[in-house]
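J.: could you look at this predicted model? Sequence included:
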Amino acid sequence: MKLTFIHTCVLLLLCAASAQAQDNTAVFGRKFYSTKSASIAVVPFTPRMLISDIHRDMCVQNEMDSKAVQAALAEGFCHAMRVSKPQLAESMVYGWEDEWPEALNDFYGGLGYQQKNAVTQEVGQTGAYIGEGELRIKRDSVSRYMAAIVDTTVVSSLATETQTNFILVVTELDIVNLGDPIRVNPEGAELFVRLHYSLFDPSGVEVKGGLVKSPLRSDTYNPTKFAREEFIAAAEKLYAQIETILLPEPQTDEE
C-alpha cells in the first residue's frame with residue numbers, strides 16, 4: 001500500500017510539473033509571437049528586371065542558357081529574403097516556382113515601372129565641415145530607383161488574400177560593375193548587388209521606396225552558389241531600411 005501511495009504522489013507531481021511546463025511553453029510562445037506585429041508579402045522582380053553585368057560570363061562558364069541562370073539567381077534571392085527575415089515582422093516570399101495567390105497574377109499583369117529619386121544615405125544638411133584635417137562637403141546622396149506602378153485596388157486585393165499589412169515589391173535586381181570593365185582591368189572591377197523596391201500599405205499607397213546596395217565578395221561564377229553567398233547582405237539591408245515603417249515607435253502619453 002505504501003508503495004502504491006508513493007507512486008500515486010509521484011505521478012501527481014509529474015503531471016503538475018508537465019502541466020506547468022506546457023503553460024510556460026504556451027506563455028513563451030505567446031510572448032514570442034506577440035512581438036511579430038507586422039506581416040509582409042514579398043513580390044519578386046520579373047525575369048526581365050534581373051540585370052547583370054556578369055550574366056554572359058555565368059552562362060559561358062557554367063554551360064547554362066540565360067533562363068537557367070536567371071532561375072538560379074532568382075531562387076537564391078528568394079532564399080536570402082526568407083533567411084533574412086526582419087526581427088519583428090513576418091514575411092512571406094512568393095518565388096517564381098512557388099504556388100501563388102490568385103491576386104498575384106493580377107498584380108503582375110498590371111505592374112508597371114517608373115524611375116524615382118531616392119535618398120540612399122542621409123548625412124545631414126548640405127554644407128562644409130572639417131574632417132580628418134581637410135575641408136569637406138557633406139550632402140544627401142540621391143539616386144534613382146525603379147518604383148512599382150500598379151493600381152491601388154490590385155494591391156489591396158493581394159494584401160487581403162495574403163492577409164498581410166504590407167506588400168513589398170522588389171522591382172529590380174542588379175548585379176552591376178561600378179568599376180573598370182572586367183575585360184579591360186579585371187582587378188579594377190567593383191561588383192555590387194542592388195535591390196530596387198516599393199513598399200505599399202493595404203490601401204495600395206506607396207509608403208516607401210528606394211534601393212539598397214551591397215558589395216559582392218565572391219569570386220564564383222556558379223549562379224546557385226553565387227546567389228546563396230551574395231544576396232543575404234542586400235536582403236538584410238532592405239529589411240532594415242523598411243523596418244521603421246513596419247513597426248513605428250509606439251506613441252507616449254506625452255504625445
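T.: Great, that's in hand.
J.: can you get me a residue count around the nearest residue to residue 85 once chain neighbours are set aside?
T.: Nearest residue to residue 85 in three dimensions, chain neighbours excluded: residue 91, at 5.3 Å (C-beta to C-beta, 6 or more residues apart in numbering). Yep, even glycine has a C-beta here, placed from its N, CA and C like the rest. For residue 91, the count of nearby residues is 20 (other C-beta atoms under 10 Å).
J.: residue contacts, residue 91?
T.: For residue 91, the contact set (C-beta atoms under 8 Å, 6 or more residues apart in numbering) comprises 39, 40, 41, 42, 81, 82, 85, 168, 239.
J.: quick check: PyMOL command selecting the buried ones in the residues you listed.
T.: The buried subset of these, as determined by 16 or more other C-beta atoms under 10 Å, is captured in PyMOL by this line:
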select buried, resi 39+40+41+42+81+85+168+239
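J.: okay, and the helix or strand of the chain with the least pLDDT?
T.: Using mean pLDDT, DSSP states H and E, the weakest-scoring helix or strand in the chain turns out to be helix 2-34, at a mean of 40.
J.: what mean pLDDT does the next helix-or-strand element following it have?
T.: Using DSSP states H and E, the helix or strand that follows helix 2-34 in sequence is strand 39-43. Across strand 39-43, pLDDT averages out at 94.
J.: sketch out the low-pLDDT regions of this structure for me.
T.: Across the chain, residues meeting the criterion (pLDDT under 70) sit at 1-36, 119-142, 179-189, 247-255.
J.: quick one, strands of it?
T.: For the chain, the strands defined by DSSP state E cover 39-43, 50-52, 90-93, 112-121, 127-131, 134-138, 141-149, 166-177, 191-200, 206-215.
J.: not counting sequence-adjacent ones, nearest residue to residue 231?
T.: Among residues not flanking residue 231 along the chain, residue 80 sits closest, at 3.7 Å (C-beta to C-beta, 6+ apart).
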